[in-house]
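K.L.:
This is a predicted model, with the sequence first.
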Amino acid sequence: MKQISAYFKQMKTVTKIDYATYAGVVLAFAIVLAFQSAGLLNRSITGMLVPICCYVCMAVSLNLTVGILGELSLGHAGFMSVGAFSGVVASMSLGFTGAGDVVRLVLALVVGAAMAALAGVIVGVPVLRLRGDYLAIVTLAFGEIIKELLNSLLVGFDENGLHILFNYDGSRVVSDLGLTENGVEIIKGAQGVAGNQRLATFTVGFVLVMITLVVVLNLVRSRTGRAVMAIRDNRLAAESVGINVTKYKLIAFVVSAALAGAAGALYGLNLSSLSSTTFDFNASILILVYVVLGGLGNIWGSVVATIVLYVLPEALREFDNLRMLVYAIVLILVMLATHNQRLRALLGRLIPKRKGAAAHG
Amino acid sequence: MAKKFEKGKMVPVPSRSIIPERDLDKSPILECSHLGIDFGGLRAVDDFNLTIGRTEIAGLIGPNGAGKTTVFNLLTKVYQPTRGTILLDGIDTAGKTTTQINRMGIARTFQNIRLFSDLSVEDNVKVGLHNQERYSALTGVLRLPKYWRQEKAAHERALELLSLFEMQDLADHKAGSLPYGAQRRLEIVRALATNPSLLLLDEPAAGMNPSETAELMENIVKIRDTFQIAILLIEHDMNLVMGICEGICVLNFGRVIAKGTSEEIQASPAVIEAYLGKGRGS
Amino acid sequence: MAFLQYLISGISLGSIYAIIALGYTMVYGIAKMLNFAHGDVIMVGGYISFCTTSYLDLPGWVSVVFAVVVCTVLGVVIEGLAYRPLRQAGSLAVLITAIGVSYLLQNAAQLIWGATPKNFTSLINFQVPEFLGRLNVSGVMLVTVCACVVIMLGLTWFTSQTKMGKAMRACSEDRGAAQLMGINVNRTISMTFAIGSALAAIAGVLLCSYSPVLQPTTGSMPGIKAFTAAVFGGIGSIPGAFLGGVLLGIIEAMARAYLSSNLANSIVFVVLILVLLIRPAGLLGKYVPEKV
């Protein structure tokens, strides 16, 4: 016991925070499970569990791009939609071949992550050369492009395998896919996906959150993460100590995209029908808000901010019309309170001793 | 002088070179010839020739705006030279990037400090050790044994390097929160961590008081002796330059106006004129 | 003939983008922030104009004046309450606040006017006599293009000749130095927001005259497109915003007509990405290398 406490004492603060993050997530999962088995959760809450897990993964992965790499991305939901659609295609195709639910689920997540990673490479290679706001506008553009591309995509599956048709001029319909009569229509252009079997569970969501946390935190505390943060803090100095800026920017960006893809796949598998408009610019912005309010580069902050901000509008539902208005005002006030120097000094005086500085880097 | 032409692997630039005796039997670490860069119509640096020996401490001085930092930026390829060649350890550096130059053996500090200010002091040094650690991103994520082994080694090496300046106790502080002098020293440690054969220091004593400067002088000589590397420094503090630099190169309006030992430089009319202006009657 | 027709509709659509982009680019150039709420100010302008004509039965030009006044005040108030306290904060904090303001405006509009789209009756009803054979040029198109050119020239004159304009340019170049020279930075930035919001109001009226569906989200997409146009032309540059907006409109119209109606926006964005890769600071932007 003494050994353990001694080990704990000599640990660095950042390591302690990492372990506390894992512990907190596990604890939250256990508590929710206990409540659920005791029958204390109503349907509207259980319905939120998987989406919350997805958004936590989205926020943590976006924090890798915005907080750790320091590049503003306004198209993170684009990667989510790539993951969602490719994951659903994988799941429904495997369903046609009669694979088991677990296999379908795991493969769907893997396919979603892989396709989003591929999209990350395609976007990242040209775009990461741009600086600051220009990169932001291009990621925004990417999100919109993905939305339109998915809207003109027709996909089906039958005995002969996958059928994909690109409906660029709006003249093709699902029957042009030439499916056999047993075949399943998966993506029907702008109508999106319908009749998807819902395979996602809260446990899978929890596992995905843990995987995302381990990947991001371990990456950040490794040589790769240090290189990425060095580029964020001072690009020229990073070059001058021999760091390949393009390579590490791309690694961070692609890992972030892949995790978003996996989260998207899970999100897709939680819905019976799916439309690309779910993943529009506003969704990207929403995730960015979680990240910024949780603190840039602060991983546990992203987790907490996501949960609170996801639940808040739902909790405000009784105000109905007013709730988004209240949400907007709360958002502005929080930003003013946390970033205005005079207000911060005032708050600092009200709360005399605030321990635990933000876990930067 | 003749000795150098016999023993050197490369023929050094035929100008008054300032390599100290002990380095003459080895090829020089750095040879610049006819280096130049234009910004628009302005010739910021022109016809810059310099040869530095293996373990030499050399100084680059000159009035403000003479192009000293530009020379550093040319050597590290922050700017691509318009003209001329740079040989590092006999290898041409044409077309290399800043990153590649560092891997070839040049490390530098910056005039306006450029630390990774949100990282800890130790992590700043570890970033310098980046290319000596050899595990992939995947190994890092999975925390395989190789990760633990190399991270432990990096940790120890970082503390060892920090102890050069007695900064090991500051290892967990945020780099941006350090006092100015400590930040300058940390930049030197970070540059040393990349295992260079030539260290470029851009005004290392700027903003330091006389006792700190004296300590820095000792440390620069100590670094040279411990690591057996060459050091080229830009400095306005003449006590430091005259005190430790074996060879000095004076730049004015982007051109070399004098080269030699500290005595020769102090006696040079061209240098006196550049610093003090043309005297009456001279 | 069809080509000319598409070109004309592209130019007039682009002119609306250009007017919005001019507001974006001025605010970005001087306050160095992405004002995401800009698109929603357009929407407010549209609603104000709609109300004054439909409920108060006032003539069209009065409604435009009304919209301009309300939006100008709105812009200055938003800047003073939400952005000014964050002058020292990082750009991301300001961006998120701007997003908050955008949500606020959209939801407030939804509360006041409801979510169901309003049918905006165009303020510009005169028909342009047919010329060059069968070219169809509506009054809205003509007014839009003229308004855009006048505004662009006016802004160029304003920023280069007047005292306030010069103060704006000084602030955009170096805010600290401008302050040391006795320029009231806060007042200059307020003025920029006032101008930008007034332009947004005009753009709102024109936009609604062009496509008469008015709802709380009306401003979002044109806002994003106009921002793209500003970046395309080189953000911070007034002629750049004009050029970017008009080119964007033409590309969009052409893509819709000849390539694919489904992918028109994508084609616009792909062109943007290509331009940025070749000219990282946009068409007319100045590329400022990092000082070492």
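P.N.:
Arrived safely.
K.L.:
phi, psi of the residue lying closest to C:Val143 once chain neighbours are set aside?
P.N.:
By the measure of CB to CB, 6 or more residues apart in numbering or on different chains, the closest residue to C:Val143 outside its immediate chain neighbours is C:Ile124, 5.1 Å from it. From N, CA and C alone the C-beta is placed, and that goes for glycine too. The phi and psi torsions at C:Ile124 (degrees, to the nearest 10) take the values phi -110, psi 110.
K.L.:
Please name the residues that touch the residue of the stretch 201-350 of chain A found nearest chain B.
P.N.:
With CB to the nearest CB, the shortest gap between the stretch 201-350 of chain A and chain B falls at A:Ser222, namely 2.8 Å. Going by CB atoms under 8 Å, 6 or more residues apart in numbering or on different chains, A:Ser222 touches B:Tyr135, B:Ala137, B:Thr139, B:Gly140, B:Val141, B:Tyr147, B:Glu151.
K.L.:
what number of residues lie near the first one?
P.N.:
To tie it back to what came earlier, the one meant is B:Tyr135. Other residues near B:Tyr135 come to 18 when the count uses other CB atoms under 10 Å in any protein chain shown.
K.L.:
how near is it to chain C?
P.N.:
Here the distance between B:Tyr135 and chain C works out to 31 Å (CB to the nearest CB, to the nearest Å).
K.L.:
what do you get for the second one?
P.N.:
Between B:Ala137 and chain C the computed distance is 26 Å (CB to the nearest CB).
K.L.:
these two touch, right, that residue and A:Val228?
P.N.:
No. Taking CB atoms under 8 Å as the definition, B:Ala137 is not a contact partner of A:Val228, at 9.7 Å.
K.L.:
For the residue lying closest to A:Gly192 once chain neighbours are set aside, the count of nearby residues, please.
P.N.:
Spatial nearest neighbour of A:Gly192, chain neighbours left out: A:Ser275 (3.7 Å); criterion: CB to CB, 6+ apart. The tally of other residues near A:Ser275 (other CB under 10 Å) stands at 17.
K.L.:
In contact with A:Ser275: list those residues for me.
P.N.:
A:Ser275 touches A:Ala190, A:Gln191, A:Gly192, A:Val193, counting by CB under 8 Å, 6+ apart.
K.L.:
Packing partners of the helix or strand harbouring C:Pro222?
P.N.:
Secondary structure here is read from DSSP states H and E; on that basis C:Pro222 sits in helix C:220-233. Helices and strands touching helix C:220-233, as assessed by 3 or more CB pairs under 8 Å, 6 or more residues apart in numbering or on different chains; DSSP states H and E, comprise helix A:132-151, helix C:2-31, helix C:38-54, helix C:185-210, helix C:238-254, helix C:264-278.
K.L.:
What's the nearest residue in the stretch 101-250 of chain B when you look at chain A?
P.N.:
Taking CB to the nearest CB as the measure, the point where the stretch 101-250 of chain B comes nearest chain A is B:Gly140, at 2.8 Å.
K.L.:
Give me the nearest residue to that residue, chain neighbours excluded.
P.N.:
The shortest distance from B:Gly140 to any residue other than its chain neighbours is 2.8 Å, reached at A:Ser222 (CB to CB, 6+ apart).
K.L.:
Give me the distance between the one you found and A:Ser284.
P.N.:
As for A:Ser222, its distance to A:Ser284 is 28 Å (criterion: CB to CB, to the nearest Å).
K.L.:
so which of the helices and strands packed on helix C:220-233 comes closest to chain B?
P.N.:
Nearest to chain B among these is helix A:132-151 (17.4 Å), distances taken as CB to the nearest CB.
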